[in-house]
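Colleague: sequence and predicted structure are below.
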Amino acid sequence: MFALRLGILRSLHEEHVAMLAVLERLEKLLAANGPRNPPDATEASLAKLLADVAAALGDDVSHHYAFEETRLFPRFAELADPGIPDMLRQEHEIIRPLAERLVAIIAQAKTDGFTAATWVEFHEAGAEVAEREAFHIQKEEMGLLPALDQMLDADEDGPLQMAYVEMKGG
């Protein structure tokens with residue numbers, strides 16, 4: 001990807017990179033432990049991974065998605081094509097409940113560990129979230145962010161960055 005001019009878009013790109021790294025770790029866990037082989041959720045490295053997945057997905061489906069939907073998608077629709085933000089918003093609507101379910105399973109596993117049933121559910125949901133979210137990020141990285149970087153005025157960058165910080169509760 002080429003260098004983005006606008007700081008807000010670089011921030012979103014960095015979040016995408018971080019999310020992809022967490023998803024890669026999740027996929028490695030799923031590959032190493034098939035759906036019938038639940039790992040010990042209290043093991044330190046797994047507990048850390050589960051916490052990272054829950055934190056990344058929680059932030060992504062609350063702040064990151066909401067910011068894109070309220071601040072970036074409308075500008076893209078106004079300046080270019082409403083079809084692209086509509087497609088990305090639909091993907092958010094599919095990913096959001098899957099991510100929320102995965103986070104809920106993680107919360108349960110922190111206290112109760114994985115049962116055979118919860119591991120199967122986690123394995124299936126984790127694989128689907130990883131696949132859908134990675135594909136979604138690729139679309140944003142290849143299309144949305146570079147296009148917005150060319151469409152948005154540099155004067156919009158500061159207010160967008162401030163709005164994002166506020167949306168994240170900072």
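Modeller: Looks like it came in fine.
Colleague: what's the neighbour count on Ala154?
Modeller: Burial measure for Ala154: 9 neighbouring residues, criterion other CB atoms under 10 Å. From N, CA and C alone the C-beta is placed, and that goes for glycine too.
Colleague: got the contact list for it?
Modeller: The contact partners of Ala154, taken as CB atoms under 8 Å, 6 or more residues apart in numbering, are 5-6.
Colleague: what's the closest non-adjacent residue to the residue most central in space within the chain?
Modeller: In the chain, the C-alpha nearest the mean C-alpha coordinate belongs to Asp60, at 4.2 Å (CA atoms, centre = their mean). Nearest residue to Asp60, sequence neighbours excluded (CB to CB, 6 or more residues apart in numbering): Met19, at 6.0 Å.
Colleague: what's the first helix or strand after the helix or strand hosting that neighbour?
Modeller: Using DSSP states H and E, Met19 sits within helix 7-32. Where DSSP H and E defines the elements, the next helix or strand beyond helix 7-32 is helix 44-59.
Colleague: pLDDT score assigned to the residue nearest to the centre of the chain?
Modeller: Asp60 is assigned a pLDDT of 77 by the prediction.
Colleague: likewise for the one 3 residues further on?
Modeller: In the prediction, the pLDDT value recorded for His63 is 92.
Colleague: count residues in the vicinity of it, would you?
Modeller: His63 has 17 neighbours, counted by other CB under 10 Å.
Colleague: list the contacts for the residue nearest to Asp60?
Modeller: Counted by CB under 8 Å, 6+ apart, Met19 has contacts 56, 60, 133, 137.
Colleague: and which of those is nearest to Glu15?
Modeller: Nearest to Glu15 among these: Asp60, at 7.3 Å, using CB to CB.
Colleague: wait, the closest one sits on Glu100?
Modeller: No - using CB atoms under 8 Å, Asp60 is not in contact with Glu100; the gap is 10.9 Å.
Colleague: report the longest helix in this structure, please.
Modeller: When the chain is parsed with DSSP state H, its longest helix is helix 83-112.
Colleague: could you check the angle that one makes with helix 7-32?
Modeller: Relative orientation of helix 83-112 versus helix 7-32 (axes from the mean of the first three to the mean of the last three CA atoms, to 10 degrees): 50 degrees.
Colleague: find out how far helix 83-112 is from the centre of the chain, if you would.
Modeller: Relative to its chain's centre, helix 83-112 lies at 8 Å (CA atoms, centre = their mean, to the nearest Å).
Colleague: quick check: mean pLDDT across the helix or strand harbouring Glu166?
Modeller: Element membership of Glu166, judged by DSSP H and E, is helix 157-167. Mean per-residue pLDDT for helix 157-167: 95.
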